[in-house]
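>>> I would like to see how this sequence folds:
(chains A and B)
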Amino acid sequence: MTGAARTVSVQALSARAELLLVVRAAMAIAVGVWIYLASASALGGTAPQQRNLLPFQKIIADRPADEQRMFRELQEGLLEAEASRNATQAWPTAASLGDSGIPPFAIDPTRRSTCTWTLIQSGTMINYLGRPSRAGEPAWLLLVTEPEPGVPPDQTFEDEEHHRLGNGAMLHVSTWEHPDGLQVQERLVRMPQAEGWIQLYAVGPVRATTPAQPPSTPKR
Amino acid sequence: MAAFYGWFADLAQRGVLPSDFQYPFLIRGFLCVLVLAPILGGLSHLVVTRRMAFFSAALGQAALTGVAIGLLLGEPLNAPYGGMFGFCLLSTLAMVYVKRRATLPPDTLIGVFHALTLGLGLCLLVAVTRQFNVHQVESVLFGSLLTVTDGDLLLLVAVGVIVGLLLVREYNHLLLDSLNPTLANVNGARSVYLEYFFAVLLTLSIVVSLKIIGALLVEALVVVPAAAARNVARGARSYLIWSIAVAFFAGAGGLAVSTKFLVPTGGAVVLAVTAIFFVTLAVRTLMRRRLA
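Below is the predicted model of the structure:
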């Protein structure tokens, strides 16, 4: 069985007509994006710090007072640990920091909850891990990553997550909290966000638009 | 959504689901895979048939530039969708128009756009990293489930539904146009329209999957599922079904590997889909030997 042949004329779109359609579509896209950006900036009531946080990140100012205190003490403890690392070329143990009276590693009778602190180190990765003794208390983690020998730093200026050692090496540091502290085991944590940890920031990942700072003077 | 995640966590604690499902990010990731598999798998075999693999790679790079533009325009790091959708759609229109009208071979022209968007993206990323922590931007380049929010998931579902409906509506015309544009024209399909239409669908799908797969690797998930499916499919329908199945298993497998070994999701998914490709290749070779 054969069907009758039919003739169909297919009109090709001229280059000019096609260009006109493409330009119109491009203008519509540009206007749409402009309206979206304008409305997003008008409606986005949250602070820039909040808007740029990833799902596992929080600003410490929004956390309870106890956690703010622990965060502040951890920043101080980290600076002391870095100073010791500068002087002795090794990270001090949590016990030695505690014996020197450095919070939060030292025993503090004014604190409601206590943590057992441990230094865990593997290669260039260092954990100061604080595990609570009671259920319902958070666990805490200072995560420090030293640069691999011979590898250039990923950035050359200091900020909340980048601290420079006296020898010029740039450390990557971050502070983490696990809401269910008893669940945390005593082992090296490499990627805390994948294990339910929350990263805490003082000011957030967005930097103030200031020019790059010169390297700071060696710490102690 | 908290109650929804809580329900999953409860099932995980009771041992009904794997223990990793206690984390909301993994539930979001699994839902993303459920939505992405039919979209990218469905588009995948048309991408291969229409020879648009290199076009997809160029779109991935354009998305990277779009992220940088969005961030520089003040969009949040978590959702620079205005920049991504805007720049990628404009790039798509420009690429398709120039490809259709220029006399140079299409791969050469797409190569020019590929280089242009990548160069522009890298320059803009330097400016972006002056404002943002470089590690935050890395997750976009390589894809990370940990950065996917409920908003991303809703956008993915919305775009997935729209792309799916449009694809179903025009599927026969697209397939015919991919195989024989002249016959498609005679059959009432408008080839010019279909070319732009399919490129826009592909762009939307790539942009919404970027946070999961990553800008550098998204091309793999729109090409390899079809390549794997072609090894085992025996007709157009099974080609489509196999493409979707391969995309789903690669997504779920990559998710599991990514969670277990703490590697970027995009890389794990691409490794999984490539492994499936080689398995299907081996199956095809064995079947041929048996028939010979």
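>>> most centrally placed residue in chain B?
B:Ile206 (4.2 Å; C-alpha atoms, centre = their mean).
>>> my read: it touches B:Ala57, true?
No: with contact defined as C-beta atoms under 8 Å, B:Ile206 does not count as touching B:Ala57 (10.0 Å). (C-beta placed from N, C-alpha, C; glycine too.)
>>> what residues does chain B have near chain A?
With C-beta under 8 Å from any C-beta of the partner chain as the criterion, chain B meets chain A at residues B:22-23, B:25, B:73-78, B:81-83, B:85-86, B:89-90, B:93-94, B:97, B:100-101, B:129-136, B:139, B:146-149, B:185-186, B:192, B:196, B:259, B:262.
>>> just the ones of those residues in helices?
The helices, defined by DSSP state H, take in B:25, B:81-83, B:85-86, B:89-90, B:93-94, B:97, B:100-101, B:129, B:134-136, B:139, B:185-186, B:192, B:196, B:259 from the residues of chain B next to chain A.
>>> and A:Arg190, that's in a strand?
No: checked against DSSP: H, G, I helix; E, B strand; the rest coil, A:Arg190 lies outside a strand; its state is coil.
>>> any idea how far it lies from A:Ser122?
Separation of A:Arg190 from A:Ser122 (C-beta to C-beta, to the nearest Å): 8 Å.
>>> out of the residues of chain B next to chain A, which are buried?
Neighbour-count burial (16 or more other C-beta atoms under 10 Å in any protein chain shown) applied to those gives B:22-23, B:25, B:73-78, B:81-83, B:85-86, B:89-90, B:93, B:97, B:100, B:129, B:131-133, B:135-136, B:139, B:146-149, B:185, B:192, B:196, B:259.
>>> any idea how far chain B is from the residue nearest in space to the middle of chain A?
Central residue of chain A (C-alpha atoms, centre = their mean): A:Gln199, 5.9 Å from the mean position. Separation of A:Gln199 from chain B (C-beta to the nearest C-beta, to the nearest Å) stands at 10 Å.
>>> pull the contacting residues for that residue.
By C-beta atoms under 8 Å, 6 or more residues apart in numbering or on different chains, A:Gln199 lies in contact with A:56-58, A:174-176, A:192-193.
>>> for it, which non-adjacent residue is spatially closest?
A:Gln57 (4.7 Å; C-beta to C-beta, 6 or more residues apart in numbering or on different chains).
>>> now the helices for the chain?
In the absence of a named chain, chain A is used. Here chain A has its helices, by DSSP H, at A:15-43, A:48-51, A:65-88, A:94-99.
>>> my question was about chain B
Using DSSP H, helices in chain B cover B:2-13, B:24-49, B:53-72, B:81-101, B:106-129, B:134-142, B:150-179, B:181-186, B:191-213, B:218-232, B:236-261, B:265-291.
>>> confidence-wise, which of the ones you listed is weakest overall?
Lowest mean pLDDT within the helices of chain B: helix B:134-142, at a mean of 70.
>>> OK, contacts around B:Arg50?
B:Arg50 neighbours (C-beta under 8 Å, 6+ apart): B:178, B:198.
>>> if I look at it, how far off is A:Phe105?
To A:Phe105, B:Arg50 is 62 Å away according to C-beta to C-beta.
>>> can you find the helix or strand of chain A with the lowest average pLDDT?
helix A:48-51 (a mean of 67; mean pLDDT, DSSP states H and E).
>>> hmm, back to that, in CSV, list the contacts of A:Gln199 along with distance to A:Met27 and pLDDT.
Formatted as CSV, those follow (distance: C-beta to C-beta, whole Å; pLDDT from 0 to 100):
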residue, distance to A:Met27, pLDDT
A:Phe56, 39, 87
A:Gln57, 38, 88
A:Lys58, 41, 90
A:Ser174, 44, 93
A:Thr175, 48, 95
A:Trp176, 47, 96
A:Pro192, 46, 90
A:Gln193, 41, 85
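>>> now that we have those residues, which of them are buried?
The buried subset of the contacts of A:Gln199 - by 16+ other C-beta under 10 Å - is A:56-58, A:174-176, A:192-193.
>>> and residue 204, how many residues sit next to it?
Since you didn't name a chain, this refers to chain A. 23 (other C-beta atoms under 10 Å in any protein chain shown).
>>> switch to chain B, please.
B:Leu204 has 21 neighbours, counted by other C-beta under 10 Å.
>>> sorry, back to before: test my guess that the residue nearest to A:Gln199 contacts A:Val203.
No: applying C-beta under 8 Å, one finds A:Gln57 not in contact with A:Val203, separated by 11.8 Å.
>>> which residues does the nearest residue to B:Ala220 once chain neighbours are set aside contact?
With sequence-adjacent residues excluded and distances taken as C-beta to C-beta, 6+ apart, B:Ala220 is closest to B:Val270, at 4.3 Å. Neighbouring residues of B:Val270 by C-beta under 8 Å, 6+ apart: B:213, B:217, B:220-221, B:224, B:254.
>>> out of the residues you listed, who's nearest chain A?
Relative to chain A, the closest of the contacts of B:Val270 is B:Gly254; by C-beta to the nearest C-beta it sits at 14.4 Å.
>>> that closest one touches B:Val273, doesn't it?
Yes: with contact defined as C-beta under 8 Å, B:Gly254 reaches B:Val273; the gap is 7.4 Å.
>>> more crowded one of those two?
Set B:Gly254 next to B:Val273 and count neighbours by other C-beta under 10 Å: B:Gly254 wins out with 29 against 26.
>>> distance-wise, check that one relative to A:Phe105.
40 Å.
>>> alpha carbons of stretch B:146-154, as PDB, please.
Extracted as PDB, the C-alpha positions of stretch B:146-154 are listed here (Å, rounded to 0.1, in the frame of the first residue of the first chain):
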ATOM      1  CA  LEU B 146      25.700  20.200  52.300                       C
ATOM      2  CA  THR B 147      24.900  23.500  50.600                       C
ATOM      3  CA  VAL B 148      21.500  22.500  49.300                       C
ATOM      4  CA  THR B 149      18.700  24.300  51.100                       C
ATOM      5  CA  ASP B 150      14.900  23.700  51.200                       C
ATOM      6  CA  GLY B 151      14.600  26.700  48.800                       C
ATOM      7  CA  ASP B 152      16.900  25.000  46.300                       C
ATOM      8  CA  LEU B 153      14.900  21.800  46.600                       C
ATOM      9  CA  LEU B 154      11.600  23.600  45.900                       C
END
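>>> what does it contact?
A:54-56, A:193-194, B:1, B:25, B:28-29, B:31-32, B:35, B:78-79, B:139-140, B:208, B:211-212.
>>> buried ones only from these, please, as a ChimeraX command.
Only the buried entries of those go into this ChimeraX selection, using 16+ other C-beta under 10 Å:
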select /A:54,55,56,193,194 /B:25,28,29,31,32,35,78,79,139,140,208,211,212
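>>> any residues of chain A in contact with chain B? List them.
With C-beta under 8 Å from any C-beta as the criterion, chain A meets chain B at residues A:8, A:10, A:13, A:15, A:18-19, A:22, A:25-26, A:29-30, A:32-33, A:36-37, A:40-41, A:44, A:51-56, A:154-155, A:159, A:161, A:172, A:190-191, A:193-194, A:196, A:205-207, A:209.
>>> show me how to select, in PyMOL, the buried members of the residues you listed.
One line in PyMOL is enough to select the buried ones among the residues of chain A next to chain B; burial here means 16+ other C-beta under 10 Å:
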select buried, chain A and resi 18+22+25+26+29+33+36+37+40+51+52+53+54+55+56+155+161+172+193+194+196+205+206
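>>> and the residue of chain B positioned farthest from its centre, how far from B:Thr285?
In terms of distance from the mean C-alpha position of chain B, B:Ala292 ranks first, at 37.3 Å (C-alpha atoms, centre = their mean). Applying C-beta to C-beta, the value for B:Ala292 to B:Thr285 is 11 Å.
>>> many thanks, I have nothing further to ask.
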